[in-house]
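> any chance you can model this:
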Amino acid sequence: MESRIIMDKKRIEKQLNEQLNKEFYSSYLYLAMSAYCESISLPGFAHWMKTQAQEELFHAMKFYDYINERGFKVDLLKIDEPEKEWESPLNIFEEVLKHEQFITDSINNLVNIAEEEKDHATRIFLNWFVSEQVEEEASVDTILQKLKLTGGKGSGLFMIDKELSTRVFTPPATEE
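Numbering: from 1, shown residues only. Model prediction:
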């Protein structure tokens, strides 16, 4: 008789659902940031944040679909209310970087749990997110450094605003 490693499916299911909630919250947070940027007449920043909200929703749906594909139960948890006001565009991007670092830590923790549970399918699924978080943090840090160079004010701020207005979200092709 063949020996089979039994993973704790409930532990994996719970952690995947918590990450699903974090991804939905991320979308909600960036949408709130977009609304704030609109309110202070920075349409490029608002556009960038709205595009980021779409991307985070895409991430959430990847988790949603994966949870279902594995035969786990999707548990849609309460989404916390995000902040509504920030000190400045510079402060917003400082908060975005902190949030992306939080998400990176969360994904890495989920990878560790998948490895502990010997859940190779989940580990492989998470590889995409590990790479995505490297890209997310680098992209945000680039914008943050530009804001710091300009002092987040004056004509430099408006040049960055114009640059951010060109962002386009194109969902990656499915691997199927």
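> where in the protein is pLDDT low?
Scanning the chain for pLDDT under 70 picks out the ranges 1-7, 174-176.
> let's go with 50 and repeat that
1-4, 176 (pLDDT under 50).
> contacts only, for the residue nearest in space to the middle of it.
Ranked by distance to the mean C-alpha position of the chain (CA atoms, centre = their mean), the top residue is E56 at 4.8 Å. For E56, the set of contacting residues under the criterion of CB atoms under 8 Å, 6 or more residues apart in numbering consists of E23, F24, S26, S27, Y30. In short, each C-beta sits where N, CA and C put it, glycine included.
> just give the nearest non-adjacent residue to the second one, would you?
Using CB to CB, 6 or more residues apart in numbering and skipping residues adjacent in sequence, the residue nearest F24 is A60, 4.8 Å away.
> the fourth one now?
The spatially closest residue to S27, leaving aside those adjacent along the chain, is E56, at 3.8 Å (CB to CB, 6+ apart).
> swap in K162?
If the residues on either side of it in the chain are set aside, K162 comes closest to G44, at 5.6 Å by CB to CB, 6+ apart.
> tell me the buried residues in the host helix or strand of the one you found?
The secondary structure element spanning G44 is helix 43-69 (assigned by DSSP states H and E). The neighbour-count check on helix 43-69 (16 or more other CB atoms under 10 Å) flags 44-57, 59-60, 62-64, 66-67 as buried.
> hang on, the earlier thing: where's the residue nearest to the centre of the chain relative to I79, distance?
Plainly put, E56 is 12 Å away from I79 if you go by CB to CB, to the nearest Å.
> which neighbours do those two share?
Applying CB under 8 Å, 6+ apart, one finds that E56 and I79 are jointly contacted by F24.
> count the neighbours of the nearest residue to L157 once chain neighbours are set aside for me.
Using CB to CB, 6+ apart and skipping residues adjacent in sequence, the residue nearest L157 is T150, 6.0 Å away. By the other CB atoms under 10 Å criterion, the neighbourhood of T150 contains 17 residues.
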